[in-house]
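A.B. asks: Below are the sequence and a predicted model for it; my questions follow.
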Amino acid sequence: MLNRFQRTIVAFLGLSVLLICVISCGGKSSGEPPGIGEALGFQSQPNASEKIAIFPTVFPTSTPKLISSLPTSAPTPVRLIEEEVNLPKLQNFLIENLGPYDSTRSTFGDLKYDIRLGIPVFNEFGMSRIDGQGNTFYNPTFEFKAPADTLVIAPISGVITYFEWQSSENDWEIHIKSSIGSELIFGIDHVLSTDCDRLTTPVTVCDLPLKINGNVLNS
């Protein structure tokens, strides 16, 4: 026979087995009250007959290939039309004797540096200037201030397409093109005939016709 103390231990062991069975055995129908295990916060484990789906992580075994974009229609070829333009090259800067500089005479070939002139001997293309009305403009030419007896030569080979006596300036202006059909014009302004007296001071008005290689320039 079991004494009272031994019966208490057997009852305690029986209760422990019952608790373990309730916790590990989770089958119950819907609507039943939660078991002791759920009441104590334990999650029920799936039955042995249930299948658990496992989805393994797939790692690439080779470098993935890039899929190019879908082919589009071939572009329509564009035909470029190039127009050949013959640009004449300057053969000189109008003055045959241009340099070298002589510091003892303050000359650069035919050019004479004289402080009494009060203006630059050379005005470059694009320099800012002020016209007679006080408006600012940019020089569309390059200009030399040379003595009146300086000889001028043609800057390019070609034909003279325009010349005019300018009564407001008392000198001539001529235009030269490399060919009749050329769109580029080289203008030479403020020139006199070599037959004029250009050494007298002040220079007198002389409208004698221009000569090219000894021949009178006619229209």
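C.D. replies: Good, I have the coordinates.
A.B. asks: now the strands for this protein?
C.D. replies: For the chain, the strands defined by DSSP state E occupy 101-102, 107-108, 111-112, 122-123, 128-130, 136-138, 143-144, 159-166, 171-177, 186-191, 211-212, 215-216.
A.B. asks: among those, which is nearest residue 197?
C.D. replies: Shortest distance between residue 197 and the strands of the chain, using Cβ to Cβ, is found for strand 171-177: 14.1 Å. Just so you know, the C-beta spots here come from the backbone N, C-alpha and C atoms, and that holds for glycine as well.
A.B. asks: Direction included, what does that closest one pair against?
C.D. replies: Looking at strand 171-177 with DSSP bridges, its partner strands are strand 159-166 (antiparallel), strand 186-191 (antiparallel).
A.B. asks: I'd like the average pLDDT over the last one.
C.D. replies: It refers to strand 186-191. In this model, strand 186-191 has a mean pLDDT of 92.
A.B. asks: Likewise for stretch 103-118?
C.D. replies: Mean predicted lDDT for stretch 103-118 stands at 90.
A.B. asks: how near is the residue lying closest to residue 124 once chain neighbours are set aside to residue 90?
C.D. replies: In space, and not counting its chain neighbours, residue 124 is closest to residue 142: 5.7 Å by Cβ to Cβ, 6 or more residues apart in numbering. In this view, residue 142 and residue 90 are 11 Å apart by Cβ to Cβ, to the nearest Å.
A.B. asks: between those two, who's got more neighbours?
C.D. replies: residue 142 (13 against 9; other Cβ atoms under 10 Å).
A.B. asks: was I right about the more buried one contacting residue 126?
C.D. replies: No. Assessed by Cβ atoms under 8 Å, residue 142 is found out of contact with residue 126, at 9.1 Å.
A.B. asks: re the thing from before, how about the strands of the chain, which one is nearest residue 205?
C.D. replies: strand 171-177 (9.1 Å).
A.B. asks: Buried residues of the closest one, list them for me.
C.D. replies: 171, 172, 174, 175, 176, 177 (16 or more other Cβ atoms under 10 Å).
A.B. asks: In JSON lines: these, plus pLDDT.
C.D. replies: Formatted as JSON lines, the buried residues of strand 171-177 follow (pLDDT from 0 to 100):
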{"residue": "171", "pLDDT": "94"}
{"residue": "172", "pLDDT": "95"}
{"residue": "174", "pLDDT": "94"}
{"residue": "175", "pLDDT": "95"}
{"residue": "176", "pLDDT": "94"}
{"residue": "177", "pLDDT": "94"}
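A.B. asks: and which of the residues you listed is nearest to residue 153?
C.D. replies: Looking across the buried residues of strand 171-177 and measuring by Cβ to Cβ, the closest to residue 153 is residue 176, at 11.2 Å.
A.B. asks: Now do the contacts for that closest one.
C.D. replies: 154, 155, 156, 158, 159, 160, 161, 185, 186, 187, 188 (Cβ atoms under 8 Å, 6 or more residues apart in numbering).
A.B. asks: where are the low-confidence patches of the chain?
C.D. replies: Low-confidence segments of the chain (pLDDT under 70): 1-86, 219.
A.B. asks: ok, now with 80
C.D. replies: 1-87, 203, 213, 219 (pLDDT under 80).
A.B. asks: Among the buried residues of strand 171-177, which one sits closest to residue 132?
C.D. replies: residue 171 (18.2 Å).
A.B. asks: Please name the nearest non-neighbouring residue to that closest one.
C.D. replies: residue 190 (4.7 Å).
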